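K.L.:
pasting the sequence and the predicted model now:
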Amino acid sequence: MVTTRRGVSAPIANVVNQGVLQILTQNMKECVKLAPGGQIYRRLSRGLHVVYARIDGRCRLALGREAPSEPSQQEVSILMRAFGVPAGSEQERRQGTWQEPTTERVVTFNVIELRWREVGRSDGEEETDEA
C-alpha cells in the first residue's frame, strides 16, 4: 500500500496504474544523487520500507517489512519494474535489526535485497546489468 497525494491509501498495484509509483521512483533516483552516502529511504504506508542506493553506477534496492511479515512477491516485482532492476537479478533474503531512536525498541526486519550495475551509454541514457 502507498499513500497518494490525496492521502488515500491504495494497493501498490493500483498506484502503478496511476503513475504515483513512477513519480516516487523518479524522485528517489534524483534525490539519491545528493544524499549523503548515496542512499535514500522511504517508508510507504502499510509498513513497506524502501531503500535505494546508487554509488559509482552500482545500485541496490532493499525492501523490508517488520518481522514476522515480509515484502510480497507482487511488491517486489512491481518495484523491480519501477526502479529498472534487470529481470535476472537475484534476490537476497536476510534479516536486519534497527533501533528506533525515540523508543530505543529494537526492530527486526525481513529484507529482500537486489543489486545491479548501471552502465552508461553514449546517448546519455543508462542501461542496467546484473551485478
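P.N.:
Looks like it arrived, so ask away.
K.L.:
ok, which stretches of the chain are strands?
P.N.:
Listed in chain order, the strands found in the chain under DSSP state E are 2-3, 9-10, 39-43, 49-55, 58-66, 92-99, 106-120, 126-130.
K.L.:
mind listing what Arg58 touches?
P.N.:
The neighbours of Arg58, taking Cβ atoms under 8 Å, 6 or more residues apart in numbering as the test, are 115-118, 131. The C-beta positions use only the backbone N, C-alpha and C, and glycine is treated the same way.
K.L.:
which residue packs closest to the most centrally placed residue in the chain, ignoring adjacent ones?
P.N.:
Nearest residue to the geometric centre of the chain (Cα atoms, centre = their mean): Val50, 3.7 Å. Nearest residue to Val50 in three dimensions, chain neighbours excluded: Arg42, at 4.9 Å (Cβ to Cβ, 6 or more residues apart in numbering).
K.L.:
give me the pLDDT for Gly124.
P.N.:
At Gly124, the model reports a pLDDT of 44.
K.L.:
same question, Gly57
P.N.:
88.
K.L.:
what about the closest residue to it other than its chain neighbours, distance to Ser77?
P.N.:
Excluding the flanking residues, the one nearest Gly57 by Cβ to Cβ, 6+ apart is Glu118, at 4.8 Å. Separation of Glu118 from Ser77 (Cβ to Cβ, to the nearest Å) stands at 20 Å.
K.L.:
which of those two has more residues huddled nearby?
P.N.:
Counting neighbours by other Cβ atoms under 10 Å for Glu118 and for Ser77 shows that Glu118 has the greater number, 18 against 13.
K.L.:
poorly predicted segments of this structure, please.
P.N.:
1-18, 120-131 (pLDDT under 70).
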